[in-house]
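In: Show me how the following folds:
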Amino acid sequence: MAETIFALASGAGVSGVAFIRLSGPDAGRAVETLTGRPPPPPRQAALRRFRDGAGRE
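Out: Below is the predicted model:
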């Protein structure tokens, strides 16, 4: 696989929490960039808050 992909894994509609699946060679770096925390182990869910471009949650 040459691309890193993101996909909404929770159902459509309004919710307080969304499940997002990441896969590919840059998935770990994407998680760290978006959350400021290291990625969880493969195939394990983790609760994370996203940050904006300035690093604010």
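In: Strands along this protein, start to end?
Out: If DSSP state E is used as the criterion, the strands of the chain fall at 5-8, 20-23.
In: mean confidence for the first one?
Out: When you say that, I think you mean strand 5-8. Strand 5-8 carries an average pLDDT of 91.
In: So which elements touch it?
Out: On a contact count with 3 or more CB pairs under 8 Å, 6 or more residues apart in numbering; DSSP states H and E, strand 5-8 meets strand 20-23. Just so you know, the C-beta spots here come from the backbone N, C-alpha and C atoms, and that holds for glycine as well.
In: packing partners for the strand it packs on?
Out: Applying 3+ CB pairs under 8 Å, 6+ apart, one finds that strand 20-23 contacts strand 5-8.
In: Name the residues that touch the strand it packs on?
Out: 18-24, 30 (CB atoms under 8 Å, 6 or more residues apart in numbering).
In: Please identify which pair of those lies farthest apart.
Out: Within these, Ala18 and Gly24 form the most distant pair, 19.1 Å apart (CB to CB).
In: ok, these two, which is more surrounded?
Out: A count of neighbours by other CB atoms under 10 Å puts Gly24 above the other of Ala18 and Gly24, at 13 against 10.
In: Would you mind confirming that that one makes contact with Val31?
Out: No. Between Gly24 and Val31 there is no contact under CB atoms under 8 Å: 11.5 Å.
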